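Asks: got a structure for you, letters missing:
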């Protein structure tokens, strides 16, 4: 059985990933204390019980994430303009990482932010 | 900017944005592949062999195999072989392109096969020249190991047991008779040392219990003496690279106590 609309999208190529732009979810707010950023966003995939509790109390479901120093540095750079490659370069300059480890740790961090609904990865359309 | 890759007794320099994606084998026989952020990659194979091995026939069969693969995909294939400085150098053009060399290294009694490959666009010649000119397969008193920011010059004869490449940490484990040695490169030195005192961090990170600590101009030495064997560690902070290099050795003979000149 083939369900076209359920078809899993293929993983982006490394080149396409490098050009992808992380964009913050507009519903996300953040606060800073020293080097540490705390991000507060809507709870991704709340269960039925939580949804019911939220409905009855009238309070939105939010969750806070305290980012470490390196994560906070990357979060500050996510402005909807810088690409993955540009962020990786900034990370390499700031923390003197090599390209492989900067790409790997940035990829894992952005994936975590995407899974929690804090950002989306926008890809440039190719003609 | 270039950086160095040194592994199992050979070394060469490569552009900084290239990284190892596959390393396997041992000193006698092995394989390594480093990839660029684009479509190029370097592959290197080595194998212990006796001098006088017919390298030309080996190369012919390799190129013939590439030619057959191209023929199956109905792609034109051409190759050219030259002998230069005692090495067989070749290039091929098919679905992609490649430049390589095959040669025997007398000091280490090994045959090396080096190749840079990529797509048909652009020239591989500058990268190939850099690879071949910087390649060093000489044997010395010390053996250089350099990968992903870790650079150590270890006494000759250590056997690499395993390796681990993680973002922020690179580790090589060696063994020798009566010693096991762990060399690591830790990223984020500045951030780590903002939170912890160096000796305190090293004691925890290197799994030491109440070691004696001594610091000198080249680094910090930590020692834990035992009845049968001792554990010694050497810690070097490299602020210009924002990294810490640690060498931890469990040894019976003091020859294997980590030395400050092991950090290359």
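Replies: Happy to help now that I have it. A quick note: this is a predicted structure, and the numbers were derived from the prediction, not measured.
Asks: What degree of burial does the nearest residue to residue A:54 once chain neighbours are set aside show, as a neighbour count?
Replies: Closest residue to residue A:54 apart from its sequence neighbours, by Cβ to Cβ, 6 or more residues apart in numbering or on different chains: residue A:61 at 4.8 Å. Just so you know, the C-beta spots here come from the backbone N, C-alpha and C atoms, and that holds for glycine as well. Look at residue A:61: counted by other Cβ atoms under 10 Å in any protein chain shown, it has 15 neighbours.
Asks: How about the contacts made by residue A:61?
Replies: A:42-43, A:46, A:50-51, A:54 (Cβ atoms under 8 Å, 6 or more residues apart in numbering or on different chains).
Asks: secondary structure class for residue A:16?
Replies: helix (DSSP: H, G, I helix; E, B strand; the rest coil).
Asks: what residues does the strand or helix carrying residue B:101 touch?
Replies: Assigned by DSSP states H and E, residue B:101 belongs to strand B:97-105. For strand B:97-105, the surrounding residues in contact (Cβ under 8 Å, 6+ apart) are B:10, B:49, B:51, B:53, B:55, B:58-59, B:66, B:86-92, B:110-120, B:124-125, B:128, B:132, B:137.
Asks: In the single longest helix found in chain A, which residues are buried?
Replies: Determined from DSSP state H, the single longest helix within chain A is helix A:99-115. Going by neighbour count (16 or more other Cβ atoms under 10 Å in any protein chain shown), the buried part of helix A:99-115 is A:99-106, A:109-110, A:113.
Asks: so how far is whatever helix or strand comes next after that helix from its chain's centroid?
Replies: Proceeding N to C from helix A:99-115, the next assigned helix or strand is strand A:119-122, under DSSP H and E. Taking Cα atoms, centre = their mean, to the nearest Å, one finds strand A:119-122 lying 6 Å from the centre of the chain it belongs to.
Asks: ok, back up a step: buried members of the contacts of strand B:97-105 into PyMOL, please.
Replies: With 16+ other Cβ under 10 Å as the criterion, this PyMOL line picks the buried residues out of these:
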select buried, chain B and resi 10+49+55+59+66+87+88+89+90+91+92+110+111+112+113+114+115+116+117+118+124+128+132+137
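Asks: While we're on residue B:55, how confident is the model there?
Replies: On the pLDDT scale, residue B:55 is placed at 87.
Asks: roughly how far apart are it and residue B:104?
Replies: As judged by Cβ to Cβ, to the nearest Å, residue B:55 and residue B:104 stand 7 Å apart.
Asks: what touches both of those two?
Replies: residue B:111.
Asks: Remind me which helix or strand the residue nearest to residue B:237 when sequence neighbours are not counted belongs to.
Replies: Residue nearest to residue B:237 in three dimensions, not counting chain neighbours: residue B:244, with 5.3 Å by Cβ to Cβ, 6+ apart. Assigned by DSSP H and E, residue B:244 belongs to strand B:243-251.
Asks: What is that strand packed up against?
Replies: strand B:150-155, strand B:179-186, helix B:189-195, strand B:230-238 (3 or more Cβ pairs under 8 Å, 6 or more residues apart in numbering or on different chains; DSSP states H and E).
Asks: The second one: partners in the sheet, and parallel or antiparallel?
Replies: Each strand that pairs with strand B:179-186, with its direction, by DSSP bridges: strand B:169-176 (antiparallel), strand B:243-251 (antiparallel).
Asks: Of these, flag the one that's most buried.
Replies: strand B:243-251 (a mean of 23; mean count of other Cβ atoms under 10 Å in any protein chain shown).
Asks: contact partners of that strand?
Replies: A:96, B:149-152, B:178-189, B:192, B:202, B:205-208, B:229-238, B:256-258, B:262-263.
Asks: Measure how it sits relative to strand B:150-155, angle-wise.
Replies: With axes from the mean of the first three to the mean of the last three Cα atoms, to 10 degrees applied, the angle from strand B:243-251 to strand B:150-155 works out at 30 degrees.
Asks: Just put the strands paired with strand B:179-186 in a markdown table and tack on distance to residue B:145 and mean pLDDT.
Replies: Output for the strands paired with strand B:179-186, formatted as a markdown table (distance: least, Cβ to Cβ, whole Å; pLDDT from 0 to 100):
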| stretch | distance to residue B:145 | mean pLDDT |
| --- | --- | --- |
| strand B:169-176 | 6 | 96 |
| strand B:243-251 | 11 | 97 |
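Asks: can you redo the ones you listed as a markdown table with distance to residue A:35?
Replies: Formatted as a markdown table, the strands paired with strand B:179-186 follow (distance: least, Cβ to Cβ, whole Å):
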| stretch | distance to residue A:35 |
| --- | --- |
| strand B:169-176 | 21 |
| strand B:243-251 | 20 |
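Asks: What sits closest to the residue most central in space within chain A if chain neighbours are left out?
Replies: Central residue of chain A (Cα atoms, centre = their mean): residue A:113, 3.0 Å from the mean position. Using Cβ to Cβ, 6+ apart and skipping residues adjacent in sequence, the residue nearest residue A:113 is residue A:119, 4.5 Å away.
Asks: For that neighbour, list each beta-bridge partner.
Replies: Bridge pairing for residue A:119 - DSSP bridges - gives residue A:24.
Asks: Ok, residue B:231 next?
Replies: Applying DSSP bridges, one finds that residue B:231 bridges with residue B:224, residue B:250.
Asks: residues in contact with it?
Replies: B:208, B:211, B:223-224, B:248-251.
Asks: Equivalent analysis for residue A:123, please.
Replies: A:12, A:16, A:19-21.
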